[in-house]
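S.K.: just coords:
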């Protein structure tokens, strides 16, 4: 096994430890929270489907997880800051403008801290595996082989837009038309940027962008609601 592919596998296996730890932690405190969302072992086993794709990043003309020549700025900092920007925008529009009144309990998209750290890392990993790692690697692997890669760019943009549509359409809210439009536009924009960052700097860049968003929207907002709004 070549060094880069080995690093992909080791990193991926390390990531799988976090959902496993969250599952154990969540079950240990489940009795204290009727609304706690806890993974099953089957969720973690499903993530194993992504392992074969770890060995085809270069063949799909995608950077390996720790590809040399890609700076930490491109791999982590800039994508994470982009995600943080989307998170702050969500706070402004959805919380500050659409729901300025204090919550009386934790809404479904928030979980108690520090359990939220485990759950939302797990959720981010799951989405990036099934919305980015698997489909884009397969699409771009085919694109790199079809007519010797002549239409590779077409394959990339087709894959980028298709994967950008999936999450917003699956999670489209009901009710307020303004919220529906906002969620659709920002969801497509963020997922499209993730595909672009994946192509530029690899899977860790796409994951960093989503984690930046989740840090603001799910984790820090959850801390604020739990320890400030609900404390009143």
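M.R.: Nice, I can see it. Quick caveat: nothing in here was measured; it's all calculated off a predicted structure.

S.K.: got a list of contacts for stretch 31-50?
M.R.: 12, 16, 19-20, 22-23, 26-27, 29-30, 105-106, 108, 111-112, 115, 119, 122, 125-126, 129-130, 133-134 (CB atoms under 8 Å, 6 or more residues apart in numbering). Any C-beta I mention is one placed from the backbone N, CA and C, and that applies to glycine too.

S.K.: please indicate which of those residues are buried?
M.R.: Buried members of the contacts of stretch 31-50, counted by 16 or more other CB atoms under 10 Å: 12, 16, 19, 22-23, 26, 106, 111-112, 115, 119, 122, 125-126, 129-130, 133-134.

S.K.: sort out for me which of the contacts of stretch 31-50 are in strands.
M.R.: Judged by DSSP state E, strands contain none of those.

S.K.: contacting residues around residue 130?
M.R.: Contacts of residue 130 by CB under 8 Å, 6+ apart are residue 50.

S.K.: I'd like the next helix or strand past the longest helix along the chain.
M.R.: Once the chain is assigned using DSSP state H, the helix that runs over the most residues is helix 3-29. Moving toward the C-terminus from helix 3-29, the next helix or strand (DSSP states H and E) is helix 41-47.

S.K.: avg pLDDT for that next one?
M.R.: Across helix 41-47, pLDDT averages out at 97.

S.K.: and the next helix or strand past it?
M.R.: helix 72.

S.K.: on that earlier part again, tell me the mean pLDDT over the longest helix of the chain?
M.R.: 96.

S.K.: repeat for stretch 141-158
M.R.: Rounded mean pLDDT across stretch 141-158 is 96.

S.K.: let's number from 50 now, not from 1
M.R.: Renumbered: residue one is now 50, and that last one reads stretch 190-207.

S.K.: residue contacts, residue 255?
M.R.: The contact partners of residue 255, by CB under 8 Å, 6+ apart, come to 128, 177, 181, 243-244, 246-247.

S.K.: make JSON lines from the residues you listed and add pLDDT to it.
M.R.: Converted to JSON lines, those look like this (pLDDT from 0 to 100):
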{"residue": "128", "pLDDT": "98"}
{"residue": "177", "pLDDT": "98"}
{"residue": "181", "pLDDT": "97"}
{"residue": "243", "pLDDT": "98"}
{"residue": "244", "pLDDT": "97"}
{"residue": "246", "pLDDT": "98"}
{"residue": "247", "pLDDT": "98"}
